[in-house]
Structures are given as C-alpha cells and as structure tokens.
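Q: no sequence on this one, just coordinates:
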C-alpha cells in the first residue's frame with residue numbers, strides 16, 4: 001500500500017490506526033463524529049497533535065468549563081487541543097475561550113471581513129507601487145542620479 005504524502009510528515013501519524021486514534025480523540029473532545037469531522041475540516045493540522053495531548057487538553061477544558069462548553073470551544077477552535085493542559089486554567093482558560101469565539105466569528109459570519117481585509121491589502125500594495133513608480137514626486141524620481 002502506498003502511503004499518502006501527507007502521512008510522511010514528522011508529526012502526522014504514518015498509518016491508518018494512528019489516524020483513527022487521533023480522530024477518536026478529536027471526536028470525543030468535539031462531541032461526536034460529525035462534530036469531529038467539522039473540527040477537522042476547520043483545522044486539519046490538529047492531526048499533528050498526539051492523542052495524549054488532545055485528551056489532556058480536552059479533560060482540562062471539561063474540568064474548567066463543563067462538558068458542553070468545552071465541546072463548543074473545541075468545535076469553534078480545534079487548535080485548543082494542542083495547548084498544554086496546565087495552560088488551560090484560570091486566566092489562560094478565559095483567553096482560550098475568547099480566542100475561540102474570535103476565530104469562530106472570522107471563520108463563520110465574519111469571513112467576509114477577512115476577504116475585505118485581503119482585498120484592501122492587495123489594493124494598498126498596488127497603490128504604493130503606483131505612487132513610487134509613476135507619480136512625479138515618487139521615490140524613483142526623488143533619488144538623485
């Protein structure tokens with residue numbers, strides 16, 4: 001059996017059993033297989049995190065937030081499962097919840113804002129290049145020969 005290129009990575013599992021183990025840990029943390037698949041679509045990089053780390057982070061989230069709220073945070077930002085469990089306490093946990101809410105906004109209803117910011121960045125670069133190259137007092141003409 002040929003191993004897909006993405007499985008040859010340093011941190012990714014290199015066999016089907018490893019992928020399934022990590023997915024089960026993700027699905028448990030997210031609240032089921034459907035939620036796990038949605039979380040995986042949102043952040044496929046979570047497969048680079050070992051199942052022990054995911055399980056420890058999930059347990060810390062559940063301890064600090066309760067089962068339902070912890071699952072909601074994981075669904076919003078699956079990357080929280082890569083955080084060391086000891087950092088998911090007190091103020092660190094509060095920051096994690098706020099970050100998950102922000103990420104969820106920009107991946108969901110606020111996605112158009114990100115697209116507008118990308119468009120603005122591209123337009124700004126073109127404007128700067130135009131000003132520097134073509135305006136009479138641009139940088140090219142301001143440099144003495």
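A: Everything's here; your move. Please read all numbers here as calculations on a predicted model, not as lab measurements.

Q: so where's this structure uncertain?
A: Counting by pLDDT under 70, the chain has low-confidence residues at 1-10, 136-145.

Q: if you set the cut-off to 80 instead, what comes out?
A: 1-15, 132-145 (pLDDT under 80).

Q: where exactly do the helices run in it?
A: Defined through DSSP state H, the helices belonging to the chain, from first to last, are 16-30, 33-42, 51-65, 67-76, 90-107, 111-134, 139-142.

Q: Could you export these as TSV, including distance to residue 83 and mean neighbour count?
A: C-beta here means a position set from N, CA and C on the backbone, and glycine is covered the same way. Conversion of the helices of the chain to TSV gives the following (distance: least, Cβ to Cβ, whole Å; neighbours: other Cβ atoms under 10 Å):
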stretch	distance to residue 83	mean neighbour count
helix 16-30	12	18
helix 33-42	15	16
helix 51-65	5	19
helix 67-76	11	20
helix 90-107	7	15
helix 111-134	23	10
helix 139-142	45	10
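
Q: Minimum distance to residue 84: which of those has it?
A: Proximity to residue 84 (Cβ to Cβ) singles out helix 51-65 among the helices of the chain, at 7.5 Å.

Q: Point out the other elements, helices or strands, that that closest one touches.
A: With contacts defined as 3 or more Cβ pairs under 8 Å, 6 or more residues apart in numbering; DSSP states H and E, the secondary structure elements packing on helix 51-65 are helix 16-30, helix 67-76, helix 90-107.

Q: what's the angle between the shortest one and helix 90-107?
A: I take that to be helix 67-76. Taking axes from the mean of the first three to the mean of the last three Cα atoms, to 10 degrees, one finds that helix 67-76 is oriented at 50 degrees with respect to helix 90-107.

Q: which stretch among the helices and strands packed on helix 51-65 comes nearest residue 113?
A: Taking Cβ to Cβ, helix 90-107 is the member of the helices and strands packed on helix 51-65 nearest to residue 113, at 6.8 Å.

Q: hmm, who's touching the closest one?
A: 42, 60-61, 64-65, 69, 73, 76-77, 79-80, 83, 88, 113-114 (Cβ atoms under 8 Å, 6 or more residues apart in numbering).

Q: what's the answer for stretch 43-62, then?
A: Contacts made with stretch 43-62 from outside it, assessed by Cβ under 8 Å, 6+ apart, are listed as 9, 11-13, 19, 21-26, 28-29, 39-40, 70, 73-74, 77-86, 88-89, 93, 96.
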